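Novice: after the sequence you'll find the predicted model.
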Amino acid sequence: DPRGYISTFTSSNTRPSSRPHHTARRTTLLPNVLPRNTYGSSLTTIGSTQVITGITLQIGTPPPNTKTQGEIDVEVSFSPLCGGQYTAHGRVQSGKTEGGGVGAGGSSTTLSSISYSDPQSMESYIKRTILHCDVFDLSQLSVKDGSSASAWKVIVHCMVVNHDGNVVDACILGIMTSLKDLSLPPVTTVPSELNPKEEVVRILPPTNSNSDINEVAESTKRKKRGTSLTFSKMAVPLTVALFDNKLLVDPTLEEENVSDGMITIVVDLMSVVQDEETNALNGTILSLAKSGGGAIISSEEIAACVQLAFGRAKELKSIMNP
C-alpha cells in the first residue's frame with residue numbers, strides 16, 4: 001500500500017527521506033555542459049531527478065506582425081532510462097502510466113492545468129510558461145531589420161535522463177540556466193548565390209583576428225563577440241504535492257503517484273523582497289497551475305504555497321545569479 005506507507009511518515013510530519021514537508025531536495029544547476037553541439041546548455045539536478053537542456057539555433061523570417069522579434073520553442077522528452085513506460089521517442093506507451101497519481105484522474109485548472117504523468121502535457125505547460133512569462137524581450141533575437149527581416153529561432157531541448165519526481169521544476173530551471181548560458185553567435189550578411197540582389201544571413205566562425213573584425217560593419221561587431229540575453233524576469237518554479245491535507249514541497253515520484261493533486265507556482269526571482277515588519281516575502285507570480293480533480297485547496301493553502309515559492313526563489317538566488 002504505497003499511500004499508506006507515505007501516510008505513516010506524513011502523519012509524523014516527516015517523509016520517507018526524512019525531509020520536512022516544506023523542504024526541497026538538494027538542487028544543482030550546472031551550465032555549459034554541452035559546449036560543442038549547443039549554443040547554451042545545462043544539467044539540472046533536483047535530488048535524483050536529472051534533466052539535460054541544450055539550445056540550438058535557426059535563422060528564419062519572422063511573421064509580418066512581429067518583424068523585430070525572434071521566436072522560442074521548447075521540446076521535452078523522457079529517456080527510456082527513466083522507466084519502462086517511456087518509448088524511444090520520450091512519450092508514454094499506451095496503458096503504461098506509472099502508478100495512479102494525479103495523471104490518472106481528472107484535472108481542474110487555476111489559470112492553467114497540467115498532467116504530471118504525461119510528457120506532452122508537461123511540455124505544453126512548460127512551453128506556455130516560458131513564453132507567457134516574458135523573461136526576456138524577443139526583439140533581442142532580431143538579426144536583420146527591414147523588408148528582408150530575419151531573426152533567431154531559439155529551440156530549447158530538455159531531455160529527462162532520470163525521473164524521480166518534480167520534472168516540471170527541473171525543466172524550467174534547466175531552461176532558465178541554459179538561456180542565461182546562451183550566446184548568440186556572430187553573423188553577417190552576404191549576397192545570395194541564387195539571387196545576388198538579395199542578401200542572406202551567414203553565421204561567422206569564431207575568430208580573434210582583428211582584420212576579420214574590421215571587415216564586419218560596426219553594427220555587427222557586438223554579435224562578433226557573441227551576444228548574451230538580458231533578462232527582465234527570472235522564472236523560478238515550485239511544485240507542491242497535496243496529500244492528506246498536507247503540503248509536500250518538491251515531491252518525489254513515489255509521492256507524486258499517491259498524491260491527491262499537485263500545484264506548481266512560478267515566481268519572478270528578481271521581484272522577491274522581504275517585508276521588514278512582517279518578514280513575509282512579496283513578489284510577482286508568473287504562473288500557477290493545479291492538477292488533480294479530487295484535491296480541494298483553500299485560499300489559505302494557496303497563499304502558503306506562494307510563500308513557499310518565494311522562499312524557494314530566495315533559496316536559489318545564489319546559484320541562479322539573476
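Specialist: Okay, I see it. Since this is a predicted model, take the numbers as computed values, not measurements. Numbers count the residues shown, from 1 in each chain.
Novice: quick check: next helix or strand after the least confident helix or strand in the chain by mean pLDDT?
Specialist: The helix or strand of the chain with the poorest confidence is helix 218-224; it has a mean of 39 (mean pLDDT, DSSP states H and E). Next helix or strand after helix 218-224 toward the C-terminus (DSSP states H and E): strand 235-243.
Novice: so residue 152 sits against residue 61, correct?
Specialist: No: Residue 152 lies out of contact with residue 61 (Cβ atoms under 8 Å); the separation is 11.6 Å. Backbone N, C-alpha and C define where each C-beta goes, glycine included.
Novice: more neighbours, the two?
Specialist: The neighbour comparison of residue 152 against residue 61 (other Cβ atoms under 10 Å) goes to residue 152, with 26 against 11.
Novice: pLDDT below threshold where in the stretch 201-322 of the chain?
Specialist: Along the stretch 201-322 of the chain, the model assigns pLDDT under 70 to residues 205-225, 293-295, 322.
Novice: now swap in the stretch 51-200 of the chain and tell me
Specialist: The stretch 51-200 of the chain contains residues with pLDDT under 70 at 90, 93-113, 147.
Novice: and the strands in it, which stretches?
Specialist: Secondary structure of the stretch 51-200 of the chain (DSSP state E, counting those that start in this stretch): strands at 71-78, 112-113, 142-144, 150-162, 187-191, 199-203.
Novice: for these, which one sits closest to residue 20?
Specialist: strand 150-162 (23.6 Å; Cβ to Cβ).
Novice: packing partners for that closest one?
Specialist: When contacts are defined as 3 or more Cβ pairs under 8 Å, 6 or more residues apart in numbering; DSSP states H and E, strand 150-162 packs onto strand 49-60, strand 71-78, strand 142-144, helix 167-181.
Novice: could you save the strands of the stretch 51-200 of the chain as a markdown table and add columns showing distance to residue 299?
Specialist: Conversion of the strands of the stretch 51-200 of the chain to a markdown table gives the following (distance: least, Cβ to Cβ, whole Å):
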| stretch | distance to residue 299 |
| --- | --- |
| strand 71-78 | 31 |
| strand 112-113 | 18 |
| strand 142-144 | 43 |
| strand 150-162 | 33 |
| strand 187-191 | 50 |
| strand 199-203 | 51 |
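Novice: and of the ones you listed, who's closest to residue 253?
Specialist: Checking the strands of the stretch 51-200 of the chain against residue 253 by Cβ to Cβ gives strand 150-162 as the closest, at 10.0 Å.
Novice: can I get the closest one in PDB, CA atoms only?
Specialist: Extracted in PDB, the C-alpha atoms of strand 150-162 (Å, rounded to 0.1, in the frame of the first residue of the first chain):
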ATOM      1  CA  SER A 150      15.400  37.800 -40.200                       C
ATOM      2  CA  ALA A 151      15.600  36.600 -36.600                       C
ATOM      3  CA  TRP A 152      16.800  33.800 -34.400                       C
ATOM      4  CA  LYS A 153      14.600  30.800 -33.500                       C
ATOM      5  CA  VAL A 154      15.800  29.500 -30.200                       C
ATOM      6  CA  ILE A 155      15.000  25.800 -29.800                       C
ATOM      7  CA  VAL A 156      15.300  24.500 -26.300                       C
ATOM      8  CA  HIS A 157      15.600  20.700 -25.900                       C
ATOM      9  CA  CYS A 158      15.000  19.200 -22.400                       C
ATOM     10  CA  MET A 159      16.000  15.500 -22.000                       C
ATOM     11  CA  VAL A 160      14.900  13.900 -18.700                       C
ATOM     12  CA  VAL A 161      17.600  11.400 -18.000                       C
ATOM     13  CA  ASN A 162      16.400  10.300 -14.600                       C
END
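Novice: just the buried residues of that strand, please?
Specialist: For strand 150-162, burial by neighbour count (16 or more other Cβ atoms under 10 Å) applies to 150-152, 154-160, 162.
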